[in-house]
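Engineer: Got a predicted model here, sequence first, then my questions.
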Amino acid sequence: MTSTIQRKLSDSPALRWSALFIVAFTMMAAYYVNDVMAPLKTMLEGQLGWTSSEYGFFTGAYSFLNVFLLMLIWGGLILDRFGIRFTGILSTILMVVGTGAEYLAITKYAGSTDMVLGYKFDVFLASAGYSVFGVGAEVAGITVSKIIGKWFAGKEVALAMGVQVALARIGSQVAYAAAIPVAKAFSISTPLLIGACVLVAGFVAFLAFSLMDRKLDKQVKAAAPAADEDKFSFSDVVAVVKNPGFWLIAVLCVLFYSCVFPFQKFATELMTSKYGVDEDLAGTFAGLPALGALFLTPVFGGMIDKKGKAASIMILGSAMLILVHLTYSLPFISSSAVAIALMIVLGIAFSLVPSAMWPSVTKIFPVKQLGTAFALIFFIQNIGLWGIPALIGSVLEGYCIVGQNADGSNIYDYQLPMIIFTTIATASLLVAYLLKVVDKKKGYGLEQPNIKA
């Protein structure tokens, strides 16, 4: 009878993986909505009259509240103070509300001539909605990371994180592949409406997980009623930021992801304008990194669980980024086959680094600081996710217009933006190397396997 009481839900492989798949579905919905507007950039310009600068403003708005109102920081504090169930439910509600505002912007208010803070009202409302969605999506991300740290502690944590990322990438790949065909078949707003419906289902899924997590907490308290569950205090924030591993992971994160997510927002147009890829297929090819992550991230995560070498893998992934963006910047390479091959390489890098990076955070910080650590890292990451799209949009609008399409949308030369991405990727390689050096000095164990014999 005693052994039955002590056996927790998380001790059962079937139950802990079931919990993971439930919350992964919520993140899959979030990733779909996050990426579904990216393939539609040219259609937004042609049908709604948006400019590249306005599109860059909209794309960067995802991180605006997270950066300037410190919403991710507050989200991390709420997570560590009130727990994963409350924070997860709150974040999914924010995602639904934000997506609803986006949908209104491109339907009811599309083409509005009213101006707000210098932007057309439809652009401003869509950006505001995307910003609210961004708060929910990022807080949901750190919540799911802490869920994995809790449910898979001492077990296959890197594999679990890899599987979660892989499943989320299904949402991204579907968004990139389906957005243009669905928009052409119905309307430009239909892909986003589908996302709103899936997000509601994701909210229901998280409610189901909350019931499982509540039972797990009761089992933990029954097994160790006198134990103090590593309660959060504000001194933990100081402890996190004083850790040199935090800064290296955070800077690597912002540099690496700034070369992936913002690039993908413009990659569909790059594929059509420079490499002559058919518009209906360009989004699918732009989504190849997400598809690669679907299959490879769990594989790499499992390898790191058993073999280690996380710091070395982050160096390798950053080096691959340089190869990809540098080759895209070369004006004399215009083969569609090369462009697609580079997307595959980017997908491998996109699988390597996250599968090593996020489990490394659980080695650098204790469980009670994980919510704060992830929140601060995601906050710094969001600075890049806000600033880089706005920068690229402005550079395209100001320096890279080389003609116009029949629908009035501009044709751009992407050489200068790709040089910018190459520079950022080079910086990420340097930081990854420094992380490996510091790991040797501080003994984080990043090169050691996650599963102990």
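Structural biologist: That came in fine, so what should we check first?

Engineer: Can you show me the CA trace of the host helix or strand of V96 as PDB?
Structural biologist: Assigned by DSSP states H and E, V96 belongs to helix 84-107. Backbone C-alpha positions of helix 84-107 (Å, rounded to 0.1, in the frame of the first residue of the first chain) are rendered in PDB as follows:
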ATOM      1  CA  ILE A  84       2.000  26.300 -13.600                       C
ATOM      2  CA  ARG A  85      -1.800  25.800 -13.600                       C
ATOM      3  CA  PHE A  86      -2.800  29.400 -13.000                       C
ATOM      4  CA  THR A  87      -0.100  30.800 -15.300                       C
ATOM      5  CA  GLY A  88      -0.900  28.300 -18.100                       C
ATOM      6  CA  ILE A  89      -4.600  29.100 -18.100                       C
ATOM      7  CA  LEU A  90      -4.000  32.800 -18.000                       C
ATOM      8  CA  SER A  91      -1.500  32.700 -20.900                       C
ATOM      9  CA  THR A  92      -3.900  30.700 -23.100                       C
ATOM     10  CA  ILE A  93      -6.700  33.200 -22.500                       C
ATOM     11  CA  LEU A  94      -4.300  36.000 -23.600                       C
ATOM     12  CA  MET A  95      -3.500  34.100 -26.800                       C
ATOM     13  CA  VAL A  96      -7.200  33.700 -27.700                       C
ATOM     14  CA  VAL A  97      -7.900  37.400 -27.000                       C
ATOM     15  CA  GLY A  98      -4.900  38.600 -28.900                       C
ATOM     16  CA  THR A  99      -5.700  36.400 -31.900                       C
ATOM     17  CA  GLY A 100      -9.300  37.700 -31.900                       C
ATOM     18  CA  ALA A 101      -8.000  41.300 -32.100                       C
ATOM     19  CA  GLU A 102      -5.800  40.400 -35.100                       C
ATOM     20  CA  TYR A 103      -8.800  38.800 -36.800                       C
ATOM     21  CA  LEU A 104     -10.900  41.900 -36.400                       C
ATOM     22  CA  ALA A 105      -8.100  44.100 -37.700                       C
ATOM     23  CA  ILE A 106      -7.900  42.300 -41.000                       C
ATOM     24  CA  THR A 107     -11.600  41.800 -41.500                       C
END
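
Engineer: What is it packed up against?
Structural biologist: Secondary-structure packing of helix 84-107 (3 or more Cβ pairs under 8 Å, 6 or more residues apart in numbering; DSSP states H and E): helix 13-35, helix 71-82, helix 121-151, helix 190-223. Glycine gets a C-beta too; all of them are placed from N, C-alpha and C.

Engineer: From P359, how far out is V157?
Structural biologist: Counting by Cβ to Cβ, to the nearest Å, the gap from V157 to P359 is 6 Å.

Engineer: can you list the weak-confidence ranges in the chain?
Structural biologist: Flagging of the chain using pLDDT under 70 yields the residue ranges 1-6, 223-234, 293, 452-453.

Engineer: returning to what we had before: determine which stretch of the helices and strands packed on helix 84-107 is the most buried.
Structural biologist: Of the helices and strands packed on helix 84-107, the one with the most neighbours on average (mean count of other Cβ atoms under 10 Å) is helix 121-151, at a mean of 25.

Engineer: so that one versus helix 190-223, what angle?
Structural biologist: Calculated by axes from the mean of the first three to the mean of the last three Cα atoms, to 10 degrees, helix 121-151 forms an angle of 30 degrees with helix 190-223.

Engineer: Tell me the first helix or strand C-terminal of helix 121-151.
Structural biologist: With DSSP H and E, the next secondary element past helix 121-151 is helix 157-185.

Engineer: Now that next one: buried residues?
Structural biologist: Buried residues in helix 157-185, counted by 16 or more other Cβ atoms under 10 Å: 157-183.

Engineer: Over to stretch 51-70?
Structural biologist: Those would be 51-67, for stretch 51-70 by 16+ other Cβ under 10 Å.

Engineer: residue ranges of the strands in the stretch 351-453 of the chain, please?
Structural biologist: Taking DSSP state E, counting those that start in this stretch, the strands of the stretch 351-453 of the chain run over residues 401-404, 410-412.

Engineer: could I get these as JSON lines with mean neighbour count and distance to F25?
Structural biologist: Below are the strands of the stretch 351-453 of the chain laid out as JSON lines (neighbours: other Cβ atoms under 10 Å; distance: least, Cβ to Cβ, whole Å):
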{"stretch": "strand 401-404", "mean neighbour count": "10", "distance to F25": "41"}
{"stretch": "strand 410-412", "mean neighbour count": "19", "distance to F25": "36"}
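
Engineer: wait, which of these is closest to G149?
Structural biologist: With Cβ to Cβ as the measure, strand 410-412 is the member of these nearest G149 (42.3 Å).

Engineer: list the helices and strands that closest one packs on?
Structural biologist: Contact partners of strand 410-412 among helices and strands, from 3+ Cβ pairs under 8 Å, 6+ apart: helix 261-273, strand 401-404.

Engineer: Give me the sheet partners of the last one and which way each runs.
Structural biologist: If I follow you right, that is strand 401-404. The pairing partners recorded for strand 401-404 under DSSP bridges are strand 410-412 (antiparallel).

Engineer: ok, M71 - contacts?
Structural biologist: 65, 135, 138-139 (Cβ atoms under 8 Å, 6 or more residues apart in numbering).

Engineer: hmm, 7 Å instead?
Structural biologist: 65, 135 (Cβ atoms under 7 Å, 6 or more residues apart in numbering).

Engineer: just L326 next, same as before
Structural biologist: With contact taken as Cβ under 7 Å, 6+ apart, L326 is in contact with T422.

Engineer: redo that, cut-off 10 Å
Structural biologist: Contacts for L326 (Cβ atoms under 10 Å, 6 or more residues apart in numbering) come out as 342, 418-419, 421-423, 425-426.

Engineer: Narrow those to just the buried residues.
Structural biologist: For the contacts of L326, a burial check counting by 16+ other Cβ under 10 Å picks out 342, 418, 421-422, 425-426.

Engineer: which of these sit farthest apart?
Structural biologist: Maximum distance among these (Cβ to Cβ): 16.6 Å, for L342 and T426.

Engineer: coming back round to it: okay, the helices and strands packed on strand 410-412 in TSV with distance to A101 next?
Structural biologist: As requested, those are exported to TSV (distance: least, Cβ to Cβ, whole Å):
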stretch	distance to A101
helix 261-273	19
strand 401-404	30
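
Engineer: Determine which stretch of those is the most buried.
Structural biologist: helix 261-273 comes out most buried of the helices and strands packed on strand 410-412 by mean count of other Cβ under 10 Å, with a mean of 25.

Engineer: quick one: it to chain centroid distance?
Structural biologist: Relative to its parent chain, helix 261-273 has a centroid offset of 17 Å by Cα atoms, centre = their mean, to the nearest Å.

Engineer: Sounds good, over and out.
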